[in-house]
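Engineer: following is a predicted model, sequence given first.
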Amino acid sequence: MQNSKLSTANIVILAAGVVILIGSFLPFYKADSPLGGTDSSNAWSSGQFLIATLPALLGVLMAVQVALVAFANTTFPERVLGFTWDQVHLALAFQITIMMLFFLIRDPNFGVGGLGVDRGLGLFVMLVAAIGLLVGAVMRSREGATTY
């Protein structure tokens, strides 16, 4: 497929997929250390491994699908389990955004005994990237099936 077929929506999805992956390695939670200073954990080491990394994995999956179609001339079936690829992207982006919003509104001290845990930069970067994925998916669904 030619680069001219890489729509604005797909560029947004590619960029947001990269950003959400990078954000998952930044401090997701940070806590005051009893020895002074702060300790932090990223999405991969936060103690909530699968639930905290799922948004990053799904975002990367979206970006990889777009990249394979655009740059590797890979063809996928028109429908997956009865859904078009635009619908799949929209559903995944919505799920990712909802998950990240719940991480934002959830009390980070829940279950840790009030250790002064706070949200880290990685959580906010992942939230912004999740919103970017949702915007890209909505743009993609409005463009129609002519571009991938």
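Structural biologist: Here it is on my side, so go on.

Engineer: those helices in the chain, which residues are they?
Structural biologist: 8-24, 49-71, 85-105, 121-143 (DSSP state H).

Engineer: could you export those helices as a markdown table, including distance to Pro77?
Structural biologist: For every residue, glycine as well, the C-beta is placed using N, CA and C. Shown next, in a markdown table, are the helices of the chain (distance: least, C-beta to C-beta, whole Å):
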| stretch | distance to Pro77 |
| --- | --- |
| helix 8-24 | 18 |
| helix 49-71 | 12 |
| helix 85-105 | 9 |
| helix 121-143 | 17 |
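
Engineer: Gly116 contacts Asp32, doesn't it?
Structural biologist: Yes - the pair formed by Gly116 and Asp32 meets the contact definition of C-beta atoms under 8 Å, at 4.2 Å.

Engineer: JSON lines for the helices of the chain, including mean neighbour count, distance to Ser40 and mean pLDDT?
Structural biologist: Compiled in JSON lines, the helices of the chain are given as follows (neighbours: other C-beta atoms under 10 Å; distance: least, C-beta to C-beta, whole Å; pLDDT from 0 to 100):
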{"stretch": "helix 8-24", "mean neighbour count": "21", "distance to Ser40": "13", "mean pLDDT": "96"}
{"stretch": "helix 49-71", "mean neighbour count": "19", "distance to Ser40": "13", "mean pLDDT": "93"}
{"stretch": "helix 85-105", "mean neighbour count": "18", "distance to Ser40": "15", "mean pLDDT": "95"}
{"stretch": "helix 121-143", "mean neighbour count": "21", "distance to Ser40": "8", "mean pLDDT": "95"}
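
Engineer: quick one: which of these is nearest Thr38?
Structural biologist: Within the helices of the chain, the stretch nearest Thr38 is helix 121-143; the backing value is 11.9 Å (C-beta to C-beta).
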